[in-house]
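> Kindly return the folded structure for what I paste below:
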Amino acid sequence: MPADLAVIGLGHHGLPLAQAATAAGIDTIGYDTDPRPVAELAAGRSPVDGSLTTPEIRRMLAGGFRPTTNPAELGRVRTAVLCAPTAPGPDRTLDLTAVTDAARALAARLRPHTTVLLESPVPPGTTEGLLREVLEEGSGLRAGRDFHLAYSPGRLDPGSRTHGYAGTPKVIGGLTPACTESAAAFYGRLTDKVVRARGPREAETVKLLETNFRHVNIALVNEMAVLCHELGVDLWDVIRCAETKPFGFQAFRPGPGVGGHGVPVDTVGAHRPLRLVELAGQVNERMPQYVVRRAATLLNEHGKSARGARILLLGITYKPDLPDRQGSPADEIARHLMDLGAAVSYHDPHVPDWRVRELPVPRADSLYEAAAHADLTILLQHHRTYDLQGLSVKAQLLLDTRGATPAGAAHRL
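A predicted model of the protein is given here:
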């Protein structure tokens with residue numbers, strides 16, 4: 001059955017796009033080579049990463065969304081959007097294997113006049129280089145003449161109630177002006193504002209800048225957190241005051257790590273490394289160990305050793321009120337605590353099971369009882385269901401890495 005749109009890659013980028021398209025009345029199929037998420041979606045169940053809820057998935061299916069592993073479906077669409085995952089390889093450059101595989105699957109079935117869009121994070125030059133070559137070689141068609149080709153960086157704020165798909169401007173950069181306008185016509189059906197970049201390289205570099213901006217600024221406040229602790233200064237009060245400045249400042253907050261799917265990119269192929277981004281990565285990567293050192297120090301100050309201590313970790317996802325654990329620092333923190341001989345347990349309303357080093361971590365059923373029993377409770381993620389005022393009273397010791405507890409109610413990062 002023909003469809004208007006194929007979303008290739010049903011992960012944290014592809015599913016929200018498919019949701020927005022289906023809600024806009026666009027006949028949409030979702031293609032993935034992995035049968036597991038396709039089977040879950042077809043059954044009306046939420047995927048493992050929790051990017052969409054089960055009711056949202058069921059509304060998509062009721063609206064005509066069709067998940068599939070059949071590549072033949074890709075030859076029956078007017079628009080195809082590649083949302084394949086990319087992650088840093090051993091040399092810290094983005095691994096484009098999944099993007100290449102997705103492009104080959106599409107190329108073998110690509111029809112003239114199709115609009116092909118790439119949303120995966122990629123190094124600048126990928127759309128008009130690697131992607132164009134794979135599509136042209138596999139289809140015998142020419143980009144910019146026989147089919148439209150453009151890049152649009154994914155912009156998602158998972159779980160946000162204020163930054164939905166329609167209200168987030170979409171940047172697009174086409175291989176030709178006609179490619180740009182074709183992409184603009186598609187995204188104009190989904191978003192309130194479309195921003196035209198000069199070309200695909202500029203649009204690709206937008207994603208690079210936005211992701212690195214986040215990581216560099218988080219690194220700055222993470223370093224400030226360490227400094228302020230040494231100085232006896234309340235960083236959270238500093239940030240509260242600083243963010244009243246109406247110009248030249250944007251508030252970021254420290255934490256036990258960064259997490260999320262957007263990884264910093266400090267090197268792009270053979271080009272010069274981004275030294276500031278590289279340094280920011282080093283700062284952020286040290287935060288889990290810093291949290292562990294603070295935990296051990298707190299225990300020592302109260303006459304206890306980390307060895308044999310009962311430590312409860314609260315909130316092990318990378319973002320509040322979501323089950324997604326991609327890049328969460330909780331795993332590394334748990335490993336370091338275990339190395340010190342601590343007995344680690346956890347509580348998270350969104351994560352029913354958690355394994356570290358292939359071993360199950362005990363899950364606390366009663367939050368207050370677990371906190372009262374633990375020698376130290378560490379808040380790693382502030383879920384909305386947590387009553388931190390009550391928790392600070394029940395816990396023997398509470399280390400708040402998110403600055404969510406009232407001043408003086410806990411030890412804060």
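> Point out where the chain drops to low pLDDT.
Low-confidence segments of the chain (pLDDT under 70): 1-2, 48-51, 92, 159-161, 262-263, 265-271.
> for the longest helix belonging to it, packing partners?
If you go by DSSP state H, the chain has its longest helix at helix 200-231. In terms of contacts (3 or more CB pairs under 8 Å, 6 or more residues apart in numbering; DSSP states H and E), helix 200-231 is packed against strand 148-151, strand 170-174, helix 235-242, helix 275-301. C-beta: built from backbone N, CA, C; applies to glycine.
> if you go through the stretch 301-413 of the chain in chain order, where are the helices?
330-339, 367-373, 388-394 (DSSP state H, counting those that start in this stretch).
> which residues does the nearest residue to Gly403 once chain neighbours are set aside contact?
What sits nearest to Gly403 in space, not counting adjacent residues and going by CB to CB, 6 or more residues apart in numbering, is Trp236, at 4.0 Å. By CB atoms under 8 Å, 6 or more residues apart in numbering, the contact list for Trp236 reads 253, 403, 407, 412.
> Would you mind confirming that the second one is in contact with Leu413?
Yes - taking contact to mean CB atoms under 8 Å, the distance of 6.9 Å between Gly403 and Leu413 places them in contact.
> Next, the angle from the longest helix of the chain to helix 235-242.
Computed by axes from the mean of the first three to the mean of the last three CA atoms, to 10 degrees, the angle separating helix 200-231 from helix 235-242 equals 120 degrees.
> Between helix 275-301 and helix 200-231, find me the angle.
Going by the same axes, to 10 degrees, helix 200-231 makes 30 degrees with helix 275-301.
> buried stuff in helix 200-231?
By 16 or more other CB atoms under 10 Å, the buried positions in helix 200-231 come out as 200-201, 203-208, 211-212, 214-216, 218-219, 221-226, 228-229.
> next one: stretch 77-95
Neighbour counts over stretch 77-95 (16+ other CB under 10 Å) mark 77-86, 93-94 as buried.
> Quick check: the farthest pair among those residues?
Greatest spatial distance among the buried residues of stretch 77-95 (CB to CB): Arg78 and Thr93, at 33.2 Å.
> if we can go back for a sec, pick out whichever of the buried residues of stretch 77-95 sits closest to Gln381.
With CB to CB as the yardstick, the closest approach to Gln381 among the buried residues of stretch 77-95 comes from Pro85, at 22.9 Å.
> Please identify the deepest-packed of the helices of the stretch 301-413 of the chain.
Per residue and on average, the most neighbours among those fall to helix 330-339, with a mean of 20 (mean count of other CB atoms under 10 Å).
> sorry, back to before: give me the distance between the residue nearest to Gly403 and Ile218.
From Trp236 across to Ile218, the span is 15 Å (CB to CB, to the nearest Å).
> returning to that earlier point: how about CSV for the helices of the stretch 301-413 of the chain, with distance to Thr162 added?
Output for the helices of the stretch 301-413 of the chain, formatted as CSV (distance: least, CB to CB, whole Å):
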stretch, distance to Thr162
helix 330-339, 26
helix 367-373, 28
helix 388-394, 23
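> To Asp348, which of these lies closest?
helix 330-339 (8.6 Å).
> Give the other helices and strands that that closest one contacts.
By 3+ CB pairs under 8 Å, 6+ apart, helix 330-339 packs against helix 275-301, strand 310-314, strand 343-347, strand 355-356.
> chain center to that helix: distance?
Distance, stretch centre to chain centre, for helix 330-339: 21 Å (CA atoms, centre = their mean, to the nearest Å).
> who's in contact with Thr205?
Thr205 neighbours (CB under 8 Å, 6+ apart): Pro124.
> one more time with 10 Å, if that's ok
123-125, 151, 153, 173, 197, 268 (CB atoms under 10 Å, 6 or more residues apart in numbering).
> And the closest residue to Asp157 other than its chain neighbours, which helix or strand is it part of?
Closest residue to Asp157 apart from its sequence neighbours, by CB to CB, 6+ apart: His163 at 4.3 Å. Using DSSP states H and E, His163 sits within no helix or strand.
> phi, psi of His163?
Note on His163: backbone dihedrals following degrees, to the nearest 10 are phi -120, psi 70.
> one step back: so which pair among the contacts of Trp236 is furthest apart in space?
Checking the contacts of Trp236 with CB to CB, the most distant pair is Arg253 and Ala407, at 14.9 Å.
> who's more crowded, these two?
Arg253 (17 against 10; other CB atoms under 10 Å).
> Hmm, that one is touching Ala242, no?
No - using CB atoms under 10 Å, Arg253 is not in contact with Ala242; the gap is 11.2 Å.
> who touches both of these two?
Counting by CB under 10 Å, 6+ apart, the contacts common to Arg253 and Ala242 are Leu235.
> circling back: the longest helix of the chain vs strand 170-174, what angle?
140 degrees.
> In contact with the residue in the chain sticking out farthest from the centre: list those residues for me.
Farthest-out residue of the chain from its mean C-alpha position, per CA atoms, centre = their mean: Gly303, at 39.4 Å. Contacts for Gly303 (CB under 10 Å, 6+ apart) come out as none.
> Relative to Gln396, how far out is it?
12 Å.
> next one: Phe147
64 Å.
> Those two: which is more packed in?
Phe147 (22 against 15).
> which residues does that one form a beta bridge with?
Ala143 (DSSP bridges).
> Please apply the same query to the one 4 residues further on.
Residues in a beta bridge with Tyr151, per DSSP bridges, are Leu118, Gly173.
> Quick one: residues contacting it.
Contacts of Tyr151 by CB under 10 Å, 6+ apart are 82, 116-120, 122, 124, 126-128, 131, 171-175, 179, 183, 197, 199-207.
> Check Asn300 too.
Ala306.
> again, only using 7 Å
Neighbouring residues of Asn300 by CB atoms under 7 Å, 6 or more residues apart in numbering: there are none.
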